[in-house]
Every structure is written in structure tokens, then in C-alpha cells.
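Colleague: build me a structure from this.
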Amino acid sequence: MLSVVIFIFLLSFLISAACIRVLLAQPLKIFQSRSNQQHHIHTGAIPRIGGLGIFISYLCIVVVTLYCFSFDFRVIQTHLAVFFGAFLAFSLGLIDDLFPLNARFKLFYQILIALISH
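Modeller: Model (predicted):
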């Protein structure tokens, strides 16, 4: 069982690293760092596309795990609830990267996402 966990961890790491490397090589102006946002503390230009690579890796691992292992309906339901919450949180972060959102707005929706996912 430990070898399966290590394999899934390494697969997730490799997929994430590859996705981030490919995404950073693409000159997408929409994901360039904006210096006029007050809630960012970076002093230089930081690309904001890394979360997409991490989410793609997570999606691949969820699909591989659900495909390779036979679970009962209750376990699959739990996995899908966690995935749905992660998707909503990722979407909120992506929207915040594209269009700066108010901190209170984000906090409200993060709490709402947690309540929906639970």
C-alpha cells in the first residue's frame, strides 16, 4: 500500500512540474503579474499560472485513482465532494488572478465553498 501512495505522489509531482513548465513557457499576457494590485506583496513580476498546473495534476490523480481502484459508492461520493470543492476554490483563485476581487468577497465565497463541500 505504501508503494502505491509513493507512486501516486511521484506521478502527481511529475505531472504538476511538467504542466507548470509548459504553462510558464507560453507567453499568456492574461496571466502576467499586475503590479497595481494592493494585496500582492511581490516586488518583481511573478507569473500567476502555476495554480492551473497544480489543478491539472490534481485532476489527473483523481481520475487515475478512481479508475485504478474499486471503491464503493460512499468513497466515490466523498472523493467527488472534495474534487468539487477544490474545483470551486481553484475557480475563485483563477478569477481573482484575472480580475482582482475584494478580500471580503473572496472570504465569503471561500466559507461558502467550504460549507458546500462539507
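
Colleague: what packs against whichever helix in the chain runs longest?
Modeller: For the chain, the longest helix by residue count, based on DSSP state H, is helix 73-98. On a contact count with 3 or more CB pairs under 8 Å, 6 or more residues apart in numbering; DSSP states H and E, helix 73-98 meets helix 50-68, helix 103-117. To be clear about C-beta, it is placed using only N, CA and C from the backbone, and glycine gets the same treatment.

Colleague: can you say which of those is packed in most?
Modeller: Mean neighbours per residue, mean count of other CB atoms under 10 Å, is largest over the helices and strands packed on helix 73-98 for helix 50-68, with a mean of 15.

Colleague: got a list of what T65 touches?
Modeller: I8, H79 (CB atoms under 8 Å, 6 or more residues apart in numbering).

Colleague: so how far is G93 from it?
Modeller: 23 Å (CB to CB, to the nearest Å).

Colleague: ditto for L115
Modeller: From L115 to G93 the distance is 18 Å (CB to CB).

Colleague: what's the answer for Y58, then?
Modeller: Y58 is 13 Å from G93, by CB to CB.

Colleague: name the helix or strand for the residue nearest to I56 when sequence neighbours are not counted, please.
Modeller: Leaving aside its sequence neighbours, I56 sits nearest to C19 (CB to CB, 6 or more residues apart in numbering; 4.8 Å). Assigned by DSSP states H and E, C19 belongs to helix 2-25.

Colleague: quick one: mean pLDDT over that helix.
Modeller: In this model, helix 2-25 has an average pLDDT of 86.

Colleague: elements contacting that helix?
Modeller: Right, helix 2-25 is packed against helix 50-68 by 3+ CB pairs under 8 Å, 6+ apart.

Colleague: SS state for T43?
Modeller: Secondary structure, DSSP: H, G, I helix; E, B strand; the rest coil: T43 is coil.

Colleague: cheers, nothing more for now.
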